[in-house]
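Undergrad: My questions concern the predicted model and sequence given below.
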Amino acid sequence: MASAQRAAARATLLSLRRQIASIEKAPPALAEGGQGWSGGPEAGRDTVLATGVADFDRELNGGIALAGLTEIHARAARDAGTASGFVAALLSLAAAPGFLSGLPVLWIGARGAFAEAGLPHGRGLCALGLAPERLLLVEPKRLCDALWVAEEAARTRGLAATVLDMRGAAPGFGLRETQRLHRRGQASGRPVLLLRQSAEADATAAPLRLVLAPAPSAPAMVLAGTPHARAVPGGIGPPGFAVTIEKNKAGPAGRTHLLHWNSHERIFFTERDERRRDRRDAAAGERGTLVAFPGAAHPGADLSASFDRPHRAGPPRQDMAADGS
């Protein structure tokens, strides 16, 4: 939670710097204290989105890039919904600090992507925390048209993010095309998410590739955070994602993390994090909360004055008699 709050504060500060730079017509490098989007370790930390899961963020050197290309990969068509849900959760998480709030998200479906995996569904997006009215869907008939739309979208600051959804191997789409997407996303300071399904990983310019697979949901709990918390038999809790860091220029790769998504609080968590929080909340509930009431001047003073309520002057017994008590 603390890392997520720090990331939210950094993202808010970065957003304000960009707005000031836009007003003053200053280049992004000056808006970032002379470091640019990728110059220096401090700039790198300011332009990442922390998921809030400490081990996962540590391996990503702070989080997922908020400027440039990131690849989200589902090897099988049956896992496309998992990958799309993870992307929606990331966009919802990014909207929390205000970096993406108020701007639309462009979701581009290359030929065949929506036909196989289905269109992003409004109710499902809403359940993941992403407002469906912010989503713009485009389905060009040809791959070259989808790439043109993606490149033009990546260069604009009028969009919160660009998602390019592709299915299978795509002749004519390779390292050179992803280099252009990555450079334009870096220049605009906007994330470009390459969502690929039903294909082996190809060489791309994305510094980070995450492979998504479904994972069991977290237990559905009742009375969470209390000494009486218990799991609901057969209940389905927050969705789970098996996230493998397959390619990572910022740190180690190869490890699979089991993450869960809480759409109400807009945080990722692990079952270990949830158990730790439940124990902490339960301990706080057992201790109870002490509430300090304003002290009286003397034992017979009228306490109603301490709460700013109208009251009559004089001895309490006279008031009661006046009221007919």
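TA: Great, that's in hand.
Undergrad: any low-confidence regions in the stretch 151-300 of the chain?
TA: Low-confidence segments of the stretch 151-300 of the chain (pLDDT under 70): 223-229, 273-300.
Undergrad: ok, which stretches of it are strands?
TA: 161-167, 191-197, 208-215, 219-222, 230-236, 240-248, 256-262, 267-269 (DSSP state E, counting those that start in this stretch).
Undergrad: need the contact list for Thr70.
TA: Thr70 sits next to Ile64, Pro191, Val192, Leu193, Leu194, Ala206, Pro207, Leu208, Arg209, Leu210 when contact means Cβ atoms under 8 Å, 6 or more residues apart in numbering. Bear in mind the C-beta positions are built from the backbone N, C-alpha and C, glycine included.
Undergrad: Let me know the closest of these to Leu143.
TA: Leu143 has its nearest neighbour among the contacts of Thr70 in Leu194, at 13.3 Å by Cβ to Cβ.
Undergrad: Name the helix or strand for the residue nearest to that closest one when sequence neighbours are not counted, please.
TA: Using Cβ to Cβ, 6 or more residues apart in numbering and skipping residues adjacent in sequence, the residue nearest Leu194 is Glu71, 4.6 Å away. Element membership for Glu71 (DSSP states H and E) is strand 68-74.
Undergrad: Let's see if you can find the most crowded of the contacts of Thr70.
TA: Val192 (29 neighbours; other Cβ atoms under 10 Å).
Undergrad: Neighbours of Thr51, how many?
TA: For Thr51, the neighbour count with other Cβ under 10 Å is 24.
Undergrad: List the contacts of it.
TA: Ala4, Asp57, Gly63, Ile64, Leu93, Leu259, Phe268.
Undergrad: Quick one: mark the members of those that sit in strands.
TA: Ile64, Leu259, Phe268 (DSSP state E).
Undergrad: Please name the bridge partners of the last one.
TA: I take that to be Phe268. Per DSSP bridges, the residues bridged to Phe268 are Trp261.
Undergrad: Now do the contacts for it.
TA: Phe268 neighbours (Cβ under 8 Å, 6+ apart): Thr51, Gly52, Val53, Phe56, Ala89, Leu93, Leu259, His260, Trp261, Asn262.
Undergrad: One more: the first one?
TA: The contact partners of Ile64, by Cβ under 8 Å, 6+ apart, come to Val48, Leu49, Thr51, Thr70, Leu90, Pro191, Leu208.
Undergrad: can you check Leu125 too?
TA: Ala88, Ala131, Pro132, Leu135.
Undergrad: most surrounded residue in the residues you listed?
TA: That'd be Ala88 among the contacts of Leu125, by other Cβ under 10 Å, with 26 neighbours.
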